[in-house]
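> just coords:
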Ligand SMILES: Cc1ncc(COP(=O)(O)O)c(C=O)c1O
């Protein structure tokens, strides 16, 4: 155990920009699907870093791979090839329905890449005006400007405007509301198939 929960919560308030509603516990470590807080309390981790720690915490196979890689090469810019990158892409292509991989750091950057990809495709294949996007009310796609522009929450955050233009919002579970928004200028529909 490394510390006192209240003291760490207080220090967080003092030192970190207050962008998130903070949980009243302080996590210390994890093992498999469980996490432990600094008071030694054990929790079943349903969040898993919002579904990114799919192997759980401290999985031996993952620790071994991380240690091996860190001892060889800490980082390589996107413009450099590494065997690890190729091996990982091969594994993903062989075990998915996709032909190619775009590595990125976060969900919000994946959405940025999608926005750019569909807009470029439409520019090349449809028309230069075909850049509109349909998204859904109550959606969340991330915190960067492109992803934030697809997220309806922007309406409650007017101070960040202007957002990326050309985004229209439909109602989830209401196909008619989508049909009404479809025009020759729509290049993509963004939807979260799993609703939280
Ligand atoms: C549906 C959805 N899309 C995108 C994101 C953004 O991912 P990240 O936080 O990795 O940028 C999240 C994050 O919670 C999400 O839940």
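Okay, I see it. In this text the structure is predicted, and so the values were computed from the model without any measurement. Numbers count the residues shown, from 1 in each chain.
> State the mean pLDDT of the host helix or strand of residue 69.
Take DSSP states H and E as the rule and residue 69 turns out to sit in helix 60-72. Taken as a whole, helix 60-72 carries a mean pLDDT of 95.
> contacts for it?
The contact list for helix 60-72 (CB atoms under 8 Å, 6 or more residues apart in numbering) reads 55, 84. Every C-beta, even on glycine, is put in place using the N, C-alpha and C of the backbone.
> chain center to the helix or strand following it: distance?
Using DSSP H and E, the helix or strand that directly follows helix 60-72 along the chain is helix 83-94. The chain centroid and the centroid of helix 83-94 are separated by 21 Å, computed with CA atoms, centre = their mean, to the nearest Å.
> for helix 83-94, packing partners?
Packed against helix 83-94 by the contact rule (3 or more CB pairs under 8 Å, 6 or more residues apart in numbering; DSSP states H and E) you find no helix or strand.
> can you list the weak-confidence ranges in this structure?
Under the criterion pLDDT under 70, the flagged ranges of the chain are 1-3.
> What residues does it have near the ligand?
Residues of the chain lying close to the ligand (CB under 6 Å from any ligand atom) are 50, 106-108, 111, 140-142, 192.
> how does it look with 5 Å?
Proximity of the chain to the ligand (CB under 5 Å from any ligand atom) is limited to residues 50, 106-108, 141-142, 192.
> which one of these has the most neighbours?
Tallying neighbours with other CB atoms under 10 Å puts residue 141 at the head of those, with 25 neighbours.
> circling back: now flag whichever of the residues of the chain next to the ligand is closest to the ligand.
Closest to the ligand out of the residues of the chain next to the ligand is residue 107 (2.2 Å), distances taken as CB to the nearest ligand atom.
> residue boundaries of the strands in this structure?
27-31, 34-37, 42-44, 132-136, 167-170, 186-189 (DSSP state E).
> Identify those among the residues of the chain next to the ligand that sit within helices.
Among the residues of the chain next to the ligand, the residues falling in helices (DSSP state H) are 50, 107-108.
> Contacts only, for the residue nearest the centre of the chain.
What sits nearest the mean C-alpha location of the chain, by CA atoms, centre = their mean, is residue 107, with 1.9 Å. Residues in contact with residue 107 (CB under 8 Å, 6+ apart) are 141-142, 147.
> If we use 10 Å, what do you get?
For residue 107, the contact set (CB atoms under 10 Å, 6 or more residues apart in numbering) comprises 50-52, 140-144, 147.
> Determine which two of these are furthest apart.
Between any two of the contacts of residue 107, the greatest separation by CB to CB is 18.8 Å, found for 51 and 144.
> Many thanks, I have nothing further to ask.
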